[in-house]
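Q: Let me see the structure of the following:
(3 chains)
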Amino acid sequence: MGKLNSRLLAGPYIIWMALFTVIPLCLVVYNAFTNTGGTFTLENVASIFDPVNSKPLWLSFKMSLVVTAVCFLLSFPLAMVLWKYSKNKNSLIVMVFILPMWMNFMLRTLAWRLILLNNGFLNHALVLAGLNPVYLMNTKAAIILGTAYDYFPFMLLPIYNALVKIDKDIINAAKDLGATGFVILKRIILPLSLPGIVSGITMVFVPSISEFVIADMLGGGKVYLIGNVIEQAFNSGYADIHLGSGLSLSLMGIIVISMLVYRFFDKGEEGSGIW
Amino acid sequence: MVNKVKNTAGKLYLVLILLVLYMPIALLVVSSFNASERNKAIWGGFTISAYKKLIHDETVMDALYTTLILAGGAAFIATVLGTLVCIGMINMKKHSKSFILGVTQIPLLNSDIVTGIALMLLFTRFAELSFATMLVAHVTFIIPYVVLSVQPKVVQMNLSTYEAALDLGASQLYAMWKVMLPEIMPGILSGFLLAFTMSLDDFSVTYFTKAPGIHTMSTMVNAEYRKGIQTEIYALSTIIFVIILFVLFIINRRTEKAARLEAESGVET
Amino acid sequence: MKHILLKKLAAVVLCLAMLSNLVSCGKGTKEKEKNQIIVFNYGDYIERDVLEQFEAETGIKVIYEEFLTPEAMYTKYKNGTVKYDLICCSEYMLDKMIKDGEAREIDTSTMEHAKNIGDRFWQIARNFDTENKYIVPYFWGTVGILYNTSMVDFVPDSWNVLWDSRFKNNIIMQNSVRDSFIPPLVLDGQSINTTDEKVLRKALGRLQEQKELVQSYLVDEVRDDMANEQAALAVIYSGEASLAHEYNEDLEYVVPDEGSNLWMDSWIIPKNGSNYDGAVKFLDFLCREDIAQQNFEYVYYSTPNEAVLNNIDEEEKEEDSAIFPEEDVLGRCEIFTYLGTEAEELYNRLWKELKVY
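A: Prediction:
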């Protein structure tokens, strides 16, 4: 019997990924290590240490840490509450929290612009309430707020999905044995939901460190992140795709290193499943 | 007593987060009906003129259409490729398997901006930007989500039914279609949905690989909001929101039905 | 069982239909390619109806794409992924393109309506297109200060107002390299085309010092934010100023006494475009009186089209000094020129230093 080798089914995917993921990445690496003349140089990659590039990188790093922390602190308790109320994985109440994600990303950010503008919704409300207006627009706080809002579901979902998998009998058993709520949280729930937490943190940290358009819309050009630097490198007239590639490569390096360091502290736990 | 306090606190927290999550969207919807031309924070009377304008605004409608076709097409291609590779991995050695899964992680760990730039570098060298290149770009960055959704289902799958079908004389393709596919269908569906969502929501990758004259929703909004008050955009938000609610409603009904069916079949066995 | 199969079949058919739709889409554009032009322009800088009219009259399809800053345009152009047939941009960028040999000569003698462009504008164009061979003027204007009379109780006729701490968090600056350097350079009595690093560094120092007073650095959003009274003062192009005034009567425009920049956005045909004839036809079409009139009324920037200017009564001209500036204003304005790669890199460097400051 001419039996079809099922491994062949992986073929199209492998070809696709080779063409559109691996080769483009090689192009980034190639451009990063060459100059306009095509000769080898380390200048582009090293330029990450130039203050005009390292300052935005450091700022991005700090801000994305804050965003990730905010998302985690808000979504973990929420996931716990949701876990309590929902029976199956796709229950409506969970969908309700994911729904804002289906609203276009730009529209969500635009909405925050309307809220935070100097005489936007927020300040109108504050003045109506007899309070002093706050000028959040064009500050780092505005960008952190917008980014955390945009990526919140990416933290909530994986954590929730991890929680749902926990067998409630274990918790009941622990309770029967006299464990306090805190001990249960620390000894059972946290360790068992760790894969979800790991995914959530990855899913929020990676996109927010390279964010540039939220900074554009809510930062009024006053806050300059590494994403903006890279975008400018490709989009300003004095553009330099080599410099841009070099910086992209450095950014990739930073992300990979952060993830390695972070997973090192989580070793023993497999943190593979994103969803 | 303590439990009761805890429960109310939990509910309160839930409601609070919901409020924060939906407030911006609600404000967009309200703004679309606000007749005030300039500052949407000041109520200037009720109007539906934004919706009338929207219907005639080709830029916005084209962007909406492009986004849907692009997301649908890309999610479809990604789902097919992603499902095939997951099935293909069943009989693979550990090395090849982890290699494929490793490659799958690349677009996830690469931030969008790097993926977009890398693809732009490829396209600028070898092709002209067009709808097709945008499609390729979208498939590329959403494919991992399909693989990660389908892969666990394939691993959990009980291969013996499939082998039994083969033993009973079913052709390989027939057995795959009839036995394997239904079993991993939930994974495929959630993979498709996830891929579709990511494509809908994308800005960065599209921004770098966009063809001239074609806008997706994200790039359109990004280009239009700068030019001044575009009430059509707010109207569009309302419409998208309504569509989402509708889809949500349908999904909810279907999952309820599925859950009921599952429960019934559970009783039978 | 049966209806599940049917459902699946329906799904497959649907997907196939979608795919074939995509394929046919791709084919369609390829066939049309011969009879289309790709036009690249600033945001919101043309009356869209004009495009449709052109398509209807000539059968040439217009693919219209917008950019935010000249720098962004140039990168996209240089990328070469899109073969633009016509680009409209600021004079210093066109200067660069002409000097780099990127421009194709435009034979204005074949254009029936090119004569509508006034002589004095061809004259201005000679600042960067010395023989009037490569560009056709589109709109022009000045750079100045837009201020809200309800928040600023004097006429801010000096750039110094942008460093006035009373307006902290109430100033909007231009988010583009060359424009943002106009105020400090002019205040220092320097040419806005200087390439002297010392002079530029001093200007940068001023801008860095100003940063804490600045509310935001914006481009196209300036007009709207000012109309919404988000800020008291903004550096702005004259055309935008006049539009802002239409939205909000409290807004007034002034070109500071120290001097400023005179700009002229013009059309250029890049040499790698694929439809030269179509591009020239489109240019001629834009110069035609009725079209230029329509376009002027929509964009409402200063037009170099004398045929249109003649139709405007003196009263309107006097009323809107932003769009119809007096001669002495033009006298104190300087035109940007292309400064060469080295200066470009310097500017870029300084710009980044301002951004990270």
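Q: Now for C:Glu314, how many residues are close by?
A: The local packing of C:Glu314 (other CB atoms under 10 Å in any protein chain shown) involves 8 other residues. For every residue, glycine as well, the C-beta is placed using N, CA and C.
Q: Kindly apply the preceding question to A:Leu260 instead.
A: 9.
Q: How are the helices of the stretch 251-357 of chain C distributed by residue range?
A: Under the criterion DSSP state H, counting those that start in this stretch, the stretch 251-357 of chain C contains helices at C:276-287, C:289-299, C:306-311, C:314-319, C:327-331, C:341-356.
Q: Please identify the deepest-packed of those helices.
A: Most buried of the helices of the stretch 251-357 of chain C, by mean neighbour count (mean count of other CB atoms under 10 Å in any protein chain shown): helix C:276-287, with a mean of 21.
Q: Where among the helices of the stretch 251-357 of chain C is average confidence lowest?
A: Ranked by mean pLDDT, those bottom out at helix C:314-319, with a mean of 82.
Q: So for chain B, which of the helices of the stretch 251-357 of chain C sits nearest?
A: Evaluated with CB to the nearest CB, the helices of the stretch 251-357 of chain C place helix C:289-299 nearest to chain B, the distance being 11.7 Å.
Q: how deep is the nearest residue in space to C:Gly80 that is not next to it in sequence tucked in, by neighbour count?
A: Excluding the flanking residues, the one nearest C:Gly80 by CB to CB, 6 or more residues apart in numbering or on different chains is B:Thr124, at 6.5 Å. Neighbourhood size, B:Thr124 [other CB under 10 Å]: 19.
Q: can I assume B:Thr124 is in contact with C:Thr81?
A: Yes - in this structure B:Thr124 lies within contact range of C:Thr81 using CB atoms under 8 Å: 4.8 Å.
Q: What confidence value was assigned to the residue of the stretch 101-250 of chain C found nearest chain B?
A: Nearest to chain B in the stretch 101-250 of chain C, going by CB to the nearest CB, is C:Asp220, at a distance of 3.8 Å. Per-residue pLDDT puts C:Asp220 at 83.
Q: Not counting its neighbours along the chain, what's nearest it?
A: Sequence neighbours aside, B:Arg226 is the residue nearest to C:Asp220 in space, at 3.8 Å (criterion: CB to CB, 6+ apart).
Q: Would you verify that that neighbour is located in a helix?
A: Yes - judged by DSSP: H, G, I helix; E, B strand; the rest coil, B:Arg226 forms part of a helix.
Q: count of residues packed around it?
A: With other CB under 10 Å as criterion, B:Arg226 counts 22.
Q: Which residue ranges make up each domain of chain C?
A: Domain assignment of chain C by automatic domain parsing yields the ranges C:35-140+C:264-331, C:141-262+C:333-356.
Q: If you average pLDDT over each of the ones you listed, which is lowest?
A: Looking at those, the lowest mean pLDDT belongs to domain C:35-140+C:264-331 (a mean of 89).
Q: Ends of that domain, what's the gap?
A: Start-to-end span of domain C:35-140+C:264-331 (CA to CA, to the nearest Å) is 44 Å.
Q: Buried residues, the strand or helix carrying A:Asn123. List them.
A: In this structure, A:Asn123 sits in helix A:121-128 according to DSSP states H and E. Buried residues in helix A:121-128, counting neighbours by 16 or more other CB atoms under 10 Å in any protein chain shown, are found at A:Phe121, A:Leu122, A:Asn123, A:His124.
Q: now stretch A:165-182
A: Across stretch A:165-182, burial judged by 16+ other CB under 10 Å covers A:Ile166, A:Ile171, A:Ala174, A:Ala179.
Q: can you give me the helices for chain A?
A: For chain A, the helices defined by DSSP state H cover A:11-17, A:23-32, A:43-46, A:51-85, A:92-102, A:105-116, A:121-128, A:140-165, A:168-176, A:181-184, A:190-209, A:213-219, A:226-235, A:241-265.
Q: Columns mean pLDDT and distance to B:Ala137 on top of those, output as a markdown table?
A: Output for those, formatted as a markdown table (pLDDT from 0 to 100; distance: least, CB to CB, whole Å):
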| stretch | mean pLDDT | distance to B:Ala137 |
| --- | --- | --- |
| helix A:11-17 | 90 | 12 |
| helix A:23-32 | 93 | 10 |
| helix A:43-46 | 88 | 24 |
| helix A:51-85 | 92 | 23 |
| helix A:92-102 | 76 | 20 |
| helix A:105-116 | 91 | 16 |
| helix A:121-128 | 90 | 35 |
| helix A:140-165 | 91 | 21 |
| helix A:168-176 | 83 | 43 |
| helix A:181-184 | 81 | 46 |
| helix A:190-209 | 88 | 16 |
| helix A:213-219 | 92 | 17 |
| helix A:226-235 | 88 | 15 |
| helix A:241-265 | 85 | 16 |
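Q: Give me whichever of those helices is most buried.
A: helix A:226-235 (a mean of 26).
Q: Leaving out sequence neighbours, find the closest residue to the residue in the stretch 201-350 of chain C that chain A sits nearest to.
A: Going by CB to the nearest CB, chain A is nearest to C:Ser216 of the stretch 201-350 of chain C, at 2.7 Å. Distances taken as CB to CB, 6+ apart place A:Gly220 nearest to C:Ser216, at 2.7 Å, with adjacent residues excluded.
Q: Distance of the one you found relative to chain B?
A: To chain B, A:Gly220 is 12 Å away according to CB to the nearest CB, to the nearest Å.
Q: Repeat that for A:Leu156.
A: Distance from A:Leu156 to chain B, by CB to the nearest CB: 9 Å.
Q: contacting residues for that residue?
A: A:Ser75, A:Leu78, A:Ala79, A:Phe97, A:Ile98, A:Gly200 (CB atoms under 8 Å, 6 or more residues apart in numbering or on different chains).
Q: do that again at 7 Å, thanks
A: Shown in contact with A:Leu156 (CB atoms under 7 Å, 6 or more residues apart in numbering or on different chains): A:Ser75, A:Leu78, A:Ala79, A:Phe97.
Q: now C:Ile87
A: Residues in contact with C:Ile87 (CB under 7 Å, 6+ apart) are C:Phe40, C:Met73, C:Tyr77, C:Ile268, C:Pro270.
Q: go on, B:Glu224?
A: B:Gln230, B:Ile233.
Q: what's near enough to touch B:Leu54?
A: Applying CB under 7 Å, 6+ apart to B:Leu54 gives the contacts B:Val60, B:Glu232, B:Ala235, B:Leu236.
Q: Make TSV from the helices of chain A and add distance to B:Thr104 to it.
A: Below are the helices of chain A laid out as TSV (distance: least, CB to CB, whole Å):
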stretch	distance to B:Thr104
helix A:11-17	7
helix A:23-32	14
helix A:43-46	26
helix A:51-85	23
helix A:92-102	22
helix A:105-116	23
helix A:121-128	42
helix A:140-165	17
helix A:168-176	32
helix A:181-184	35
helix A:190-209	14
helix A:213-219	26
helix A:226-235	24
helix A:241-265	15
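Q: For the stretch 51-200 of chain B, what lies in contact range of chain C?
A: B:Gly72, B:Gly73, B:Phe76, B:Phe123, B:Thr124, B:Glu128, B:Leu129, B:Ser130, B:Phe131, B:Ala132 (CB under 7 Å from any CB of the partner chain).
Q: Tell me the most packed of those residues, by neighbour count.
A: Highest neighbour count within those, by other CB under 10 Å: B:Phe123, with 24 neighbours.
Q: Can you tell me which residues in chain C are near chain A?
A: The interface of chain C toward chain A, taken as CB under 7 Å from any CB, is made up of C:70-72, C:74-75, C:93, C:169, C:175, C:214-218, C:228-230, C:344-345, C:348, C:352-353, C:355-356.
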